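In: need a 3D model of the following:
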Amino acid sequence: MKKLDKPVVLALLGVLVLALALGLNWVIDWRGNDSAAPAQQAGDGDKPLRAPPLMRQPAVPSFDVVRVNPSGDTVIAGRAEPGAEVTVLDGETVVGKVQADRRGEWVLVPEKPLPPGSRTLSLIAKLPDGEELRSDSDVVLVVPESGEGATGVLALRVPGSGQGASRLLQSPFAGGDGRGARGLTIDVIDYDEKGRATVSGNAPAGAKLNIYLDDALAGSTAADAKNEWRLALPQLLAPGDHKLRVDRLDEAGKVSDRAEYAFNRAPPTEGLTAGTAVIVQPGNSLWRLARRTYGEGTRYALIFEANKSQIRDPDLIYPGQVFALPAAN
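Out: Numbering: from 1, shown residues only. Below you'll find the model as predicted:
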């Protein structure tokens with residue numbers, strides 16, 4: 001066998017190494033294209049298919065705080081979409097405007113004191129893109145005549161139909177800022193047309209409570225860190241007279257404090273339509289009559305204006321009175 005020269009051997013080794021390198025590169029390229037094929041089919045070009053981001057709904061404006069002192073000086077605070085311009089309305093009158101901060105919080109101190117009387121506050125938030133959102137809860141506010149004191153101020157947040165229970169923001173029986181520990185109280189008994197009811201009140205933080213309806217245990221709850229308690233009654237509230245009782249229990253489980261309240265749930269007023277009349281029943285209010293007639297309790301002023309000759313105070317209407325229900329337009 002003829003012995004190969006050293007230069008020839010080196011040349012053959014170089015060709016072999018080049019062939020192996022080309023073959024390895026072809027295998028890598030083939031495997032890479034094969035594994036990338038599903039991604040190219042699933043996506044656009046070389047990018048894999050991705051789910052579109054979820055669209056976040058902008059925050060609806062809401063009330064958190066309404067405080068009114070005896071002189072009518074007011075502080076109103078709440079939440080809205082960050083950067084939104086929030087307008088506080090008293091009916092159709094603008095109380096003031098303020099911009100929500102980057103956390104969505106806003107505080108308004110109106111320039112003028114609110115005059116005595118009853119009113120309904122609502123909100124409109126104008127977003128940076130120009131869209132406007134209305135609050136789904138309003139605040140019913142009753143400011144007493146000058147000299148009656150802060151204990152007469154009532155601020156009640158009332159949600160729209162099906163939006164939950166009412167919440168007391170300032171009690172007519174509270175001193176100071178209208179909230180805080182006031183002992184054991186029953187503040188709100190709220191029910192809808194079907195009789196689904198929620199009761200709430202005030203108690204020292206952490207207090208254990210038993211709630212009774214007509215002397216039957218309806219449920220148990222505890223006051224939160226804001227001294228508030230709330231319970232949705234498990235049974236429908238039938239029309240007629242009722243008694244609500246709340247017992248506060250001590251560490252031994254014995255009753256240490258008690259609050260009671262007798263009330264009447266008026267029978268559902270059926271067939272209320274604009275252009276007719278209604279006989280006021282126990283438990284009726286202008287707010288409830290307006291909500292049943294026009295779909296919005298905030299339109300109670302329509303009934304008041306049509307019947308003001310027999311209504312001295314919008315908060316005081318009496319069973320047996322006959323009210324006209326004017327057309328909404």
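In: low-confidence regions, the stretch 151-300 of the chain specifically.
Out: Under the criterion of pLDDT under 70, the regions of the stretch 151-300 of the chain flagged as low confidence span 151, 161-163, 173-182, 268-270, 282-283.
In: what about the strands in the stretch 51-200 of the chain?
Out: With strands called from DSSP state E, counting those that start in this stretch, the stretch 51-200 of the chain shows them at 62-68, 74-79, 85-90, 93-99, 105-108, 117-126, 132-134, 137-143, 154-159, 167-170, 185-191, 197-202.
In: what strands flank the next helix or strand after the last one, and is each parallel or antiparallel?
Out: The helix or strand immediately downstream of strand 197-202 is strand 208-213, counting by DSSP states H and E. In the sheet, strand 208-213 lines up against strand 216-222 (antiparallel), strand 240-249 (antiparallel) (DSSP bridges).
In: which among those strands is found nearest to residue 285?
Out: Taking Cβ to Cβ as the criterion, strand 240-249 is the member of the strands paired with strand 208-213 that comes nearest to residue 285, at 17.0 Å. No exception for glycine: its C-beta is placed from N, CA and C like everyone else's.
In: which residues does the closest one contact?
Out: Taking contacts as Cβ atoms under 8 Å, 6 or more residues apart in numbering, the residues outside strand 240-249 that touch it are 184, 186, 189, 199, 201, 203, 207-215, 229, 255-265.
In: next one: stretch 284-301
Out: Contact with stretch 284-301 is made by 91, 120, 122, 138, 140, 158, 160-161, 193, 266, 269, 272-274, 278, 280, 302-304, 311, 314-315, 317, 319, 323, 325, 328, as judged by Cβ under 8 Å, 6+ apart.
In: one more pass at 6 Å, please.
Out: Contact partners of stretch 284-301, identified using Cβ atoms under 6 Å, 6 or more residues apart in numbering, comprise 120, 138, 266, 269, 272, 303, 304, 314, 325, 328.
In: pLDDT-wise, what's the bottom of the residues you listed?
Out: Among the contacts of stretch 284-301, residue 269 carries the lowest pLDDT, at 67.
In: outline the domain layout of this structure.
Out: Under the assignment named as automatic domain parsing, the residue ranges that make up the domains of the chain are 1-37, 61-176, 180-265, 276-325.
In: all helices for the stretch 201-329 of the chain, in order.
Out: For the stretch 201-329 of the chain, helices defined by DSSP state H, counting those that start in this stretch occupy the ranges 286-294, 300-306.
In: so for residue 113, which of these sits nearest?
Out: When those are ranked by distance to residue 113, counting by Cβ to Cβ, first place goes to helix 300-306 at 21.1 Å.
In: what about that closest one, distance to the chain center?
Out: Its chain's C-alpha centre and that of helix 300-306 lie 27 Å apart, by Cα atoms, centre = their mean, to the nearest Å.
In: quick check: buried residues in it?
Out: For helix 300-306, the buried set under the neighbour-count rule, 16 or more other Cβ atoms under 10 Å, comprises 300, 301, 302, 303, 304.
In: so the last one touches residue 313, yeah?
Out: No: the criterion here is Cβ atoms under 6 Å, and residue 304 misses it with residue 313 at 9.9 Å.
In: can you list residues touching both of these two?
Out: Overlap between the contact sets of residue 304 and residue 313, as judged by Cβ under 6 Å, 6+ apart, is nil.
In: buried deepest among the strands paired with strand 208-213, which one?
Out: Of all the strands paired with strand 208-213, strand 240-249 carries the top mean neighbour count, a mean of 17, counting by mean count of other Cβ atoms under 10 Å.
In: once you drop chain neighbours, what's closest to residue 72?
Out: Closest residue to residue 72 in three dimensions, ignoring its sequence neighbours and counting by Cβ to Cβ, 6 or more residues apart in numbering: residue 113, at 3.1 Å.
In: for residue 74, see how far away that neighbour is.
Out: Counting by Cβ to Cβ, to the nearest Å, the gap between residue 113 and residue 74 amounts to 7 Å.
In: reformat the helices of the stretch 201-329 of the chain as a markdown table; add distance to residue 84.
Out: Output for these, formatted as a markdown table (distance: least, Cβ to Cβ, whole Å):
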| stretch | distance to residue 84 |
| --- | --- |
| helix 286-294 | 27 |
| helix 300-306 | 27 |
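In: show me just the buried residues among the contacts of strand 240-249.
Out: Here, 16+ other Cβ under 10 Å leaves 184, 186, 189, 199, 201, 203, 207-213, 229, 259, 265 buried among the contacts of strand 240-249.
In: the nearest residue to residue 208 once chain neighbours are set aside pairs with what?
Out: By the measure of Cβ to Cβ, 6+ apart, the closest residue to residue 208 outside its immediate chain neighbours is residue 249, 4.6 Å from it. Beta-bridge partners of residue 249, counted by DSSP bridges, are residue 208, residue 255.
In: what do you get for residue 79?
Out: The residues paired with residue 79 through beta bridges, assigned by DSSP bridges, are residue 62, residue 105.
In: how about the contacts made by it?
Out: Residue 79 makes contact with 62, 104, 105 under the criterion Cβ under 6 Å, 6+ apart.
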